[in-house]
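Visitor: Got a predicted model here, sequence first, then my questions.
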Amino acid sequence: MIIDKKRVGRMPTVTSVDQVDTSYLQTLLGYNARRAALTIIEVFLERMAQFGLRPVDFSVMSVIQHNPGVTSRQLCAALNLLPPNLVGLIHSLEARGLISRRPHPTDGRAMGLHPTPEGSALMQQAAQTATDLEIESSSRLTDAERKTLLDLLQKIYL
């Protein structure tokens, strides 16, 4: 092996960056959706803490609130949740007195999930808090732009 004595001891050229270029990332839908979601979720977590609700709890309670009698199977389909993940969550919400289970009127094997009066009251407050947060977070958008953004995002996953 021949060693080039001119290269020995030579350090690679070190560069510095004054401004980080994220222009490519900004062309990606996933990157932009994730950045927007992270901005909103951070505040959502803070504001929902007073209700003891995580984002998934809020989503489940919202569906139950707006669809009394919904089954676990329907919840999983609507929110893209795995059944094993929902079981503990349902138990937790029930233990907190926010929901109750009642026999389904037409399917003897299924149980319908219903908000309790306490659960409904909590969700009214939590929903108002979430609505206020959404308005604050999207304050740079016009009402029409906000509606368009929602419509476009839903075209991706609905």
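Guide: In hand now; what should we look at?

Visitor: Just say helix, strand or coil for Q19.
Guide: Secondary structure for Q19, judged by DSSP: H, G, I helix; E, B strand; the rest coil, is coil.

Visitor: Can you list phi and psi of it for me?
Guide: Note on Q19: backbone dihedrals following degrees, to the nearest 10 are phi -140, psi 130.

Visitor: now do S139
Guide: phi -60, psi -20.

Visitor: which residue is nearest the middle of the protein?
Guide: Nearest to the mean C-alpha position of the chain, counting by Cα atoms, centre = their mean, stands P55 at 5.4 Å.

Visitor: Now do L93 against R54, distance only.
Guide: To R54, L93 is 11 Å away according to Cβ to Cβ, to the nearest Å. Quick note: C-beta positions are derived from backbone N, CA and C, even for glycine.

Visitor: what about the two, which has more around it?
Guide: For L93 and R54, the more surrounded residue by other Cβ atoms under 10 Å is L93, and the numbers stand at 22 against 14.

Visitor: wait, is that one part of a helix?
Guide: Yes: counting by three-state DSSP, L93 is part of a helix.

Visitor: Quick check, pLDDT for it.
Guide: According to the prediction, L93 has pLDDT 98.

Visitor: If you drop the residues flanking it in sequence, what lies closest to it?
Guide: With sequence-adjacent residues excluded and distances taken as Cβ to Cβ, 6 or more residues apart in numbering, L93 is closest to I99, at 4.7 Å.

Visitor: Touching, the one you found and G112? I think so.
Guide: No: in this structure, I99 is not within contact of G112 by Cβ atoms under 8 Å, at 10.1 Å.

Visitor: Comparing those two, which residue is more hemmed in?
Guide: I99 (23 against 20).
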